[in-house]
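Colleague: with the input below, show me the fold.
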Amino acid sequence: MPHHLLSIQSHVAYGHVGNCAAVFPLQRQGFEVTAIHTVQFSNHTGYGEYTGDIFSPDHLMKILDGIEARGALDNMSALLTGYLGDKHTGEVALEALRRIRSKRPDALFCCDPVMGDVDRGFYVQSGLPEWIRDQAIPNADMITPNQFELSFLADMTITTLEDALQAAARVRAHGPRQVLMTSLEVDELADDQIGLLLDNEQGSWLVCTPKLDFPIPLNGAGDVTSALFLAQCLKGAGPEQAIQFVAASVYALFKQTYTAGERELQLIAAQDVMLNPPQLFKLQKLR
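Modeller: Numbers count the residues shown, from 1 in each chain. Purely as a prediction, here's the structure:
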């Protein structure tokens, strides 16, 4: 029987971000996914214009109640969260976690602390970053921040690999067993490389992949990364195998998207190479 997951993230009618970026890769990895959408927009906000609605916490709680009534929370293996919007939506996510763990205490919580990035700064409502830091992170088993988000969570600037390792250790001290840092760009990396860093109590590992020169930065890559990493953990992969697979799979997706000259992630076209990446990248053990 396949693992059953709950994913609470944004939803777009067109394109691939949030649940539209995370659910399909999880399904292709063999997982059953129930999705609760925190918003429904016509497209991601990177376009500058979009239509749609942000769903209220009351609406989300009604959806949660409804799926619980169907028995959907009885044997959940994990909760995955991404874009929440505000702290009230976050409270619904933590209530979902409480209900899931009341049935299955060993269920994993993978928190992608979506709040901002280096180029844009914070792009969520005021108060949500602090709520994620103080409420969500301590309850998470694994987190998948980008460099900007990890810097905020650890309250320190990250410019070197040592900074990144120190920041990950600081955050792990507050609860999460694993920190997967995405979009790593530090002094030790070449300008044409981008890193994926995994830090846990067993050690730290780095995988670098070529940086493709997209005319407009892609949206949704972090959502795919967190989904693939959670999938690897649920499949029992060790840290080395997990980070190498995730890096190779995401790069295969990027390469397919770059070759197609598209702005949206080419999840459908790249589904087979994401499942069986044709190229692995060097794994560096940092400690």
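
Colleague: how many other residues sit next to residue 284?
Modeller: By other Cβ atoms under 10 Å, 13 other residues sit near residue 284. (Glycine included, C-beta is placed from N, CA and C.)

Colleague: repeat that for residue 269.
Modeller: Applying other Cβ under 10 Å, we find 15 other residues in the vicinity of residue 269.

Colleague: that one contacts residue 258, correct?
Modeller: No. Counting by Cβ atoms under 8 Å, residue 269 does not reach residue 258; the two are 11.8 Å apart.

Colleague: most centrally placed residue in the protein?
Modeller: The geometric centre of the chain, computed from its C-alpha atoms, lies nearest to residue 226 (Cα atoms, centre = their mean), at 3.0 Å.

Colleague: where does it sit, in terms of helix or strand?
Modeller: Per DSSP states H and E, residue 226 falls inside helix 221-234.

Colleague: and that helix, average pLDDT?
Modeller: Mean pLDDT, helix 221-234: 97.

Colleague: which other helices and strands does that helix contact?
Modeller: strand 4-12, helix 19-28, strand 78-81, strand 108-111, strand 142-143, strand 178-184, helix 239-260 (3 or more Cβ pairs under 8 Å, 6 or more residues apart in numbering; DSSP states H and E).

Colleague: among those, which is the most enclosed?
Modeller: strand 78-81 (a mean of 28; mean count of other Cβ atoms under 10 Å).

Colleague: ok, that strand: who's next to it in the sheet?
Modeller: Strand pairing for strand 78-81, determined by DSSP bridges: strand 4-12 (parallel), strand 108-111 (parallel).

Colleague: export those strands to JSON lines and append columns for distance to residue 135 and mean pLDDT.
Modeller: Output for the strands paired with strand 78-81, formatted as JSON lines (distance: least, Cβ to Cβ, whole Å; pLDDT from 0 to 100):
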{"stretch": "strand 4-12", "distance to residue 135": "14", "mean pLDDT": "97"}
{"stretch": "strand 108-111", "distance to residue 135": "10", "mean pLDDT": "98"}
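
Colleague: now those in JSON lines, with distance to residue 185?
Modeller: Formatted as JSON lines, those follow (distance: least, Cβ to Cβ, whole Å):
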{"stretch": "strand 4-12", "distance to residue 185": "25"}
{"stretch": "strand 108-111", "distance to residue 185": "22"}
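
Colleague: what packs against the lowest-mean-pLDDT helix or strand in the chain?
Modeller: Sorting the helices and strands of the chain by mean pLDDT, DSSP states H and E puts strand 121-122 at the bottom, at a mean of 82. Contacting strand 121-122 under the criterion 3+ Cβ pairs under 8 Å, 6+ apart is no other helix or strand.

Colleague: look up how far residue 29 lies from the residue in the chain sticking out farthest from the centre.
Modeller: Computed with Cα atoms, centre = their mean, the maximum C-alpha offset from the centroid of the chain is found at residue 69, amounting to 27.6 Å. Going from residue 69 to residue 29 by Cβ to Cβ, to the nearest Å gives 28 Å.

Colleague: helices of the stretch 1-150 of the chain, start to end?
Modeller: Per DSSP state H, counting those that start in this stretch, the stretch 1-150 of the chain carries helices over the ranges 19-28, 57-69, 87-103, 128-131, 147-154.

Colleague: can you redo those as a markdown table with distance to residue 213 and mean pLDDT?
Modeller: Formatted as a markdown table, the helices of the stretch 1-150 of the chain follow (distance: least, Cβ to Cβ, whole Å; pLDDT from 0 to 100):
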| stretch | distance to residue 213 | mean pLDDT |
| --- | --- | --- |
| helix 19-28 | 21 | 98 |
| helix 57-69 | 39 | 98 |
| helix 87-103 | 35 | 97 |
| helix 128-131 | 30 | 96 |
| helix 147-154 | 19 | 97 |
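
Colleague: wait, which of these is closest to residue 46?
Modeller: Distance to residue 46, taken as Cβ to Cβ, is lowest for helix 19-28 among those, at 12.7 Å.

Colleague: what's the angle between the closest one and helix 239-260?
Modeller: 120 degrees (axes from the mean of the first three to the mean of the last three Cα atoms, to 10 degrees).

Colleague: just checking, residue 46 touches residue 219?
Modeller: Yes. With contact defined as Cβ under 8 Å, residue 46 reaches residue 219; the gap is 4.8 Å.
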